[in-house]
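In: fold the following and give me the result.
(2 chains, ligands or ions: 2)
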Amino acid sequence: MQAIEVSHLIKKFGSLTALNDINFSVDEGETFGFLGPNGAGKTTTIRILTGISRPTSGTATIFGHDIEHDTIAARQSMGIVSENSNVYDDLTAWQNMIFSAELYHVGRNEREKKTTELLKIFGLYERCNDKVHGFSKGMKRRLTLAMGLVNSPRLLFLDEPTSGLDVQSNLIIRDVVTDLVREGVTVFLTTHNIEEANIMCDRVAIINKGNIAAIDAPESLKKTIQSVQSIEVSFDRSSADQLDELRRLPMVNDAQKAGDKFKLYTEDPSEVIDAVMAYAHTHNLKVMSITTLGPSLEDVFIRLTGLQRKGGAVHAID
Amino acid sequence: MPSINHESWSKRLSRELSAAWAIARKDMRIYYLKPNIIVSGILFPLFMFLAFAIGKNAPPGTLIPGLISITLLFSASSIEPVSIPIERRVKTFDRLLSAPISLYSLVSGESLSGFLYSLGIACLPLAIGIVVFSTPIVNAPVLVVAMILTAFCFATLGTLFAAYPTENVGEVMSMLNTVRLPLIFISGVFIPISTMPEIGQEIALISPLTYGNDMIEYAYTGRSLFSPLLDIVVQVVFILVFQITANYLYKKFNE
Ligand SMILES: Nc1ncnc2c1ncn2[C@@H]1O[C@H](COP(=O)(O)OP(=O)(O)OP(=O)(O)O)[C@@H](O)[C@H]1O
Ligand SMILES: [Mg+2]
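Out: Ligands and ions are numbered 1, 2, ... in the order given. Below is the predicted model of the structure:
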């Protein structure tokens, strides 16, 4: 059975079309990512799939239960982690967890056991009797996640689980999700972090302005734009004009500066390597490193969403 | 027909009730001591009452029924109009909206906290009447039923107004006050309905407080406009109408 099945979903807010006829399905046990820029419609999709918001038209089912007409059954198997850390500041971490468990009708013994277990996993057990009021952002985020897991969901919705967090909180969250996936939990996550989608997801849907531009495994998505490859090069000295000069080299479609390195996009890496070496020679520069790179998920994303690179001489197609 | 997918009604009911109770308890923990709830739920009716009582020559003990009525009105309808906009703002309301419970349980759970708060607060004037003024109670069971119905009626009214989709407490409160302040004057709390002009008497009939106050009067004095049974029926109808409307509005405003 499909964990999620979405068919011809449209959501309008007045004249704004937030979701424009989207279709996708998520298999049980799969980790499915929604990757898109701000305002793409990621949260709107989650709100419809969790029954908080109603679609203008189209249907969505969760494990076969229609979310609009069989809402309660559909919700029983889900855990929801919203993009805001929506915890009760005036309750303790423990009370927050217990309240969540009560809403999902988790039995008394089970909810205390699960609460203890989850608070320990998320490194909050020592603070379990403190009001959440004084918690840091990362602690609140971790508590939100723990609250979403207290009913042992089969399907977990994560709306930007790690955005704005430090490395430690990030790692805890990713580890927990990895463990859940191993136990067979289906995960639907949204992110604008391309690397996160790349490591965590079996399949990624790229969404922009309410339209799904592509759905595929990260590696397959990269293959679709094999023509976009790049060379990463660094020199012993840098000067202000280097970026522009490199961009003007033959066969270079675009150039970007990243730290002390330049990334040159091309369809013909070997040609560009020659050109870079010649350029270094005429300017009396020493090449410190040079590497060819395949397309990254970021490249796919930029290509498919029609976004532009900063200072981009080359525009992504459409 | 029972099947694996459809849980039994009793199980479903117990699940809904315990979720409603959890929501009510959460409100009690968080909101009962919030300053704006104390002001609008306790201090406000007290000062309103004093303002009226001072102008009257009646012995203070006879004012107890009226004090109980307005305390119930204000305290019951003060929790949800504060808690729900706040929860919308901090997005915890989404938790309630996305929980596997019916909207009815959500609305009743919210109302339940206002109801219990109100009953607790109304025990104060009740106790003052008994201890300080030795105000006699003619019919205690009627008083208990009256207090329960009045508290639940106005708690539901508070939840109904809080359906208005705003994150601003003040907006809900000012809408609510344009309704509940006039109720004091048209429900026979300070001005007996029998002494009002005819038009006033007709308006009084549409106020839910008229019936609760009438029952409370009956419990204290044995005199009333309507029979307690009629008061009960009318209040139950008001509660149902408020609950159904609240349910409809929460659904409608839930884009
Ligand atoms: N309640 C609402 N009323 C009106 N417009 C809305 C509402 N909710 C969302 N929108 C609009 O719908 C579009 C999609 O919003 P959504 O929150 O789904 O984006 P998102 O992909 O989650 O973005 P972000 O990465 O910033 O969280 C936006 O243009 C937003 O302004
Ligand atoms: Mg979002």
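
In: so what's residue A:16 bridging to?
Out: residue A:13 (DSSP bridges).

In: interface residues of the stretch 1-150 of chain B facing chain A?
Out: Residues of the stretch 1-150 of chain B lying close to chain A by Cβ under 8 Å from any Cβ of the partner chain are B:5, B:15, B:18-19, B:22-23, B:26, B:29-30, B:90-92, B:94-102. C-beta: built from backbone N, CA, C; applies to glycine.

In: just give me the neighbour total for the residue lying closest to residue B:239 once chain neighbours are set aside.
Out: Take residue B:239 and drop its neighbours on the chain: the residue closest to it by Cβ to Cβ, 6 or more residues apart in numbering or on different chains is residue B:153, 5.2 Å away. Counted with other Cβ atoms under 10 Å in any protein chain shown, residues neighbouring residue B:153 total 29.

In: do residue A:177 as well
Out: 21.

In: look up how far ligand 1 lies from it.
Out: Relative to ligand 1, residue A:177 is positioned 19 Å away (Cβ to the nearest ligand atom, to the nearest Å).

In: so that residue makes contact with residue A:149?
Out: No: assessed by Cβ atoms under 8 Å, residue A:177 is found out of contact with residue A:149, at 10.0 Å.

In: mind listing the shared neighbours of those two?
Out: residue A:156 (Cβ atoms under 8 Å, 6 or more residues apart in numbering or on different chains).

In: same for the helix or strand of chain A with the lowest mean pLDDT, what does it pack against?
Out: Scoring the helices and strands of chain A by mean pLDDT, DSSP states H and E places helix A:297-305 at the bottom, with a mean of 75. If you count contacts as 3 or more Cβ pairs under 8 Å, 6 or more residues apart in numbering or on different chains; DSSP states H and E, helix A:297-305 packs onto helix A:194-200, strand A:203-208, strand A:211-216, helix A:218-224.

In: out of the ones you listed, deepest packed?
Out: Greatest average neighbour count among these goes to strand A:203-208 (a mean of 24), per mean count of other Cβ atoms under 10 Å in any protein chain shown.

In: is ligand 1 within reach of that one?
Out: No: Strand A:203-208 does not reach ligand 1 (Cβ under 6 Å from any ligand atom); its nearest approach is 7.2 Å.

In: what angle sits between that strand and helix A:297-305?
Out: Computed by axes from the mean of the first three to the mean of the last three Cα atoms, to 10 degrees, the angle separating strand A:203-208 from helix A:297-305 equals 50 degrees.

In: quick one: strands adjacent to strand A:203-208?
Out: strand A:31-35 (parallel), strand A:211-216 (antiparallel).

In: and the longest one, does that touch ligand 1?
Out: No: where contact is defined by Cβ under 6 Å from any ligand atom, no part of strand A:211-216 touches ligand 1; the two come within 11.7 Å at best.

In: C-alpha coordinates for that strand, CSV please?
Out: Extracted in CSV, the C-alpha atoms of strand A:211-216 (Å, rounded to 0.1, in the frame of the first residue of the first chain):
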residue,chain,number,x,y,z
ASN,A,211,4.5,23.0,-9.5
ILE,A,212,6.5,19.8,-9.2
ALA,A,213,9.4,20.1,-11.7
ALA,A,214,10.8,16.6,-11.3
ILE,A,215,10.5,13.6,-9.0
ASP,A,216,13.3,11.1,-8.9
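
In: now what about it, what contacts it?
Out: By Cβ under 8 Å, 6+ apart, strand A:211-216 touches A:20, A:22-24, A:203-207, A:221, A:224, A:300, A:304-305.

In: can you tell me how far residue B:73 is from residue B:244?
Out: With the distance defined as Cβ to Cβ, to the nearest Å, residue B:73 ends up 21 Å from residue B:244.

In: name the residue in the two with the higher neighbour count.
Out: Neighbours per residue (other Cβ under 10 Å) separate residue B:73 from residue B:244, with residue B:73 holding more: 30 against 14.

In: now the host helix or strand of the more buried one: mean pLDDT?
Out: If you go by DSSP states H and E, residue B:73 is part of helix B:64-76. What helix B:64-76 shows for mean pLDDT is 91.
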